[in-house]
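**Q** Task: produce atomic coordinates for the following.
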Amino acid sequence: MRFKKIVQHARSLAAVGVAAQLAACGGGGDHALAEGTLRVSLANTGSNTCGYDMVRIAVDSVMVNQSANAIPGDAGWQPKDVPLALRQAKDMDLSAQNNNSPQEVVTMSVPAGNYAQVRLWLEQNSALVVAPSWVMQSGTKITLDTSKAATVPVPYAFTVPANGQVDLTLKLDVCQSIVDTGSMFELKSAPVITAMSTTGA
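**A** The predicted structure is shown next:
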């Protein structure tokens, strides 16, 4: 009996040792994922704005996903703590007179890793927000209807390094993305946007 108790005690000590080792390695519970910084900017693709004196697009939020085919409501959108909207709409001036300089939309922390899509949520007309997006042509301000492109997916593969930063610039082709419908202007349901990224320290 004494020998049996010794064996049981030894097994108990071994189990405690394994559990402590797993906890030390992070295998015994959740541990924080390494994060990086993502800065997203928006710009016009070139100097030609097809006769528009000014183009203003209100971006409500930006989120990223590791799947190029993910749609709103799917899992995996980052950052997780922002439920589809930053609630801090940014007015982006894409006119040629702005020298096409990329304009920062948001800088945010996301888990480090590979991503395949960035998606823009655009501010929509409402009782509280009237014509957040518009174009100026020959001195006349005309509403830009963005309802067909309420969310704009941009498939693009990029990597956010742990403790590093990626600057992602989205370039919207104003001439190919905006349609004159006669009474107003519309942003196409699939606006022409290209992306490029640079990695900083």
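**Q** got the phi/psi numbers for the closest residue to S189 other than its chain neighbours?
**A** Excluding the flanking residues, the one nearest S189 by Cβ to Cβ, 6 or more residues apart in numbering is K148, at 4.1 Å. In short, each C-beta sits where N, CA and C put it, glycine included. Backbone torsions of K148, given as degrees, to the nearest 10, read phi -70, psi -20.
**Q** Quick check: K148 touching P191?
**A** No - in this structure K148 lies outside contact range of P191 using Cβ atoms under 8 Å: 9.3 Å.
**Q** which residues does the closest residue to Y52 other than its chain neighbours contact?
**A** Excluding the flanking residues, the one nearest Y52 by Cβ to Cβ, 6+ apart is V135, at 4.8 Å. Neighbouring residues of V135 by Cβ atoms under 8 Å, 6 or more residues apart in numbering: 52-56, 141-142, 144, 178, 185.
**Q** now do 10 Å
**A** 49-57, 94-95, 141-144, 174, 178, 180, 184-185, 187 (Cβ atoms under 10 Å, 6 or more residues apart in numbering).
**Q** Can you name the element that comes right after the longest strand seen in the chain?
**A** Counting residues, the longest strand found in the chain (DSSP state E) is strand 54-65. Sequence-wise, the next helix or strand beyond strand 54-65 is strand 90-93, with elements assigned using DSSP states H and E.
**Q** quick one, the helix or strand following that following strand and strand 54-65 angle?
**A** In the C-terminal direction, the helix or strand that comes right after strand 90-93 (DSSP H and E) is strand 103-111. Counting by axes from the mean of the first three to the mean of the last three Cα atoms, to 10 degrees, strand 103-111 lies at 10 degrees to strand 54-65.
**Q** ok, strand 103-111: who's next to it in the sheet?
**A** According to DSSP bridges, strand 103-111 forms sheet pairs with strand 35-44 (antiparallel).
**Q** Using neighbour counts, pick out the buried residues of the partner strand.
**A** Neighbour-count burial for strand 35-44 flags 35-44 (criterion: 16 or more other Cβ atoms under 10 Å).
**Q** and which of those is nearest Q124?
**A** For the buried residues of strand 35-44, the minimum distance to Q124 (Cβ to Cβ) is 17.4 Å, reached by L42.
**Q** So that closest one sits against P191, correct?
**A** No - in this structure L42 lies outside contact range of P191 using Cβ atoms under 10 Å: 11.2 Å.
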